[in-house]
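Student: return a 3D structure for these sequence lines:
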Amino acid sequence: MLLNCDMGESFGAWKMGDDEAVMPVIDMASIACGFHAGDPHVMQHTVRLAAAHQVRIGAHPSYPDLAGFGRRSMQFSDDDLAAIVHYQIGALEAICAANACQLTYVKPHGALYNDMQTNPQLFSTILTVIDQCNQHRQQPLQLLTLARIDRQWQQQQAAKYGIPLLFEAFADRRYEADGQLRQRKYPDAVLHDADAILQQAGQLARGEAICASDGSALALQADTLCVHGDNPQSVAVVKAIRDYLNSMAQGHA
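Tutor: As a prediction, the model looks like this:
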């Protein structure tokens, strides 16, 4: 089970997250591209940090919503949204190229990520952008999306473009019974207790069912586990999850 983390979310004088502490213990860094967080300097610093720790680099594009941290749904035509996403991927890819690094995947952020889980046309628009990027690449960009119960329609759409999908689950998020993430308007949408986060991470890594918001058992198949390092406690949890996964790999968990 690979660990991925949303990174590079500082902006100007505002610092968010402890990327230096988290980067050594993750496998994949989804780097903000300036539309919900991040700026050119932060993007470059985060790319260099990922390269130093041999962490895979992904673009983390969003709706143009700095004030709302990309968590508000916005309406655009397909062409306009494609341009918005293409712009962000291109910016990060240019910074990667300038630092002899490779962009390997795309993970939409926030409301854009959530909206594409229930809107096949929006999902198709994201695939179209990635397909256009892949026309000039030797290794195709992958799309990171939510590990779902009903993933077949996403797999079918991605197959039309030849785009590999990576399915992720969240260590610190509550799920609805249908496999969707619980909306952040609910107080229990985010898990804050370290033991609860570690328990859910372990269940997901072992392929066991987790407890959904209504108390039912929810089984998800995931390729990667999303973790967050927003504060000292969460950084400690990420390190504990890494230690657990290493223990599993060695056959001791």
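
Student: max-length helix in this protein?
Tutor: The single longest helix within the chain, with elements called by DSSP state H, is helix 78-98.

Student: helices and strands around the following helix or strand past that one, which ones?
Tutor: The element immediately downstream of helix 78-98 (helix or strand, assigned by DSSP states H and E) is strand 103-106. If contacts are counted by 3 or more CB pairs under 8 Å, 6 or more residues apart in numbering; DSSP states H and E, strand 103-106 sits against strand 56-60, helix 78-98, strand 142-146. The way it works is simple: take the backbone N, C-alpha and C, and place the C-beta from them, glycine included.

Student: strand partners of strand 103-106, parallel vs antiparallel please.
Tutor: strand 56-60 (parallel), strand 142-146 (parallel) (DSSP bridges).

Student: re the thing from before, what's the longest helix of the chain packed up against?
Tutor: For helix 78-98, the packing partners by 3+ CB pairs under 8 Å, 6+ apart are helix 40-52, strand 56-60, strand 103-106, helix 120-134.

Student: export the second one to PDB, keeping only CA atoms.
Tutor: C-alpha atoms of strand 56-60 as PDB (Å, rounded to 0.1, in the frame of the first residue of the first chain):
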ATOM      1  CA  ARG A  56       6.600  10.300  -7.000                       C
ATOM      2  CA  ILE A  57       5.300  13.700  -8.000                       C
ATOM      3  CA  GLY A  58       1.700  14.300  -8.900                       C
ATOM      4  CA  ALA A  59      -0.200  17.400 -10.000                       C
ATOM      5  CA  HIS A  60      -3.000  18.500  -7.600                       C
END
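
Student: gap between that strand and the chain center?
Tutor: Counting by CA atoms, centre = their mean, to the nearest Å, strand 56-60 is centred 8 Å from the centre of its parent chain.

Student: and residue 86, how far from residue 12?
Tutor: 24 Å (CB to CB, to the nearest Å).

Student: same check, this time on residue 104
Tutor: 28 Å.

Student: same deal with residue 157?
Tutor: 37 Å.

Student: who's more crowded, those two?
Tutor: When neighbours are counted by other CB atoms under 10 Å, residue 157 and residue 12 differ, and residue 157 comes out ahead with 17 against 9.

Student: show the pLDDT at the more buried one.
Tutor: pLDDT recorded at residue 157 is 97.

Student: that one: which element?
Tutor: helix 152-161.

Student: list the helices and strands that helix packs on?
Tutor: helix 120-134, strand 165-170.

Student: to residue 148, which of these lies closest?
Tutor: strand 165-170 (7.5 Å; CB to CB).

Student: parallel or antiparallel, list what pairs with the closest one.
Tutor: strand 142-146 (parallel), strand 224-227 (parallel).

Student: deepest-packed of the helices and strands packed on strand 103-106, please.
Tutor: strand 56-60 (a mean of 26; mean count of other CB atoms under 10 Å).

Student: what score does residue 169 have for pLDDT?
Tutor: pLDDT at residue 169 comes out at 97.

Student: could you do residue 252 as well?
Tutor: 61.

Student: what does residue 248 give?
Tutor: 82.

Student: that one contacts residue 205, correct?
Tutor: Yes: contact criterion CB atoms under 8 Å: residue 248 and residue 205 qualify, at 6.2 Å.

Student: higher neighbour count, these two?
Tutor: Just comparing residue 248 and residue 205: by other CB under 10 Å the higher neighbour count belongs to residue 205, 20 against 14.

Student: picking that back up, any chance of the helices and strands packed on strand 103-106 in a markdown table, plus mean pLDDT?
Tutor: Listed next are the helices and strands packed on strand 103-106 as a markdown table, based on pLDDT from 0 to 100:
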| stretch | mean pLDDT |
| --- | --- |
| strand 56-60 | 98 |
| helix 78-98 | 98 |
| strand 142-146 | 98 |
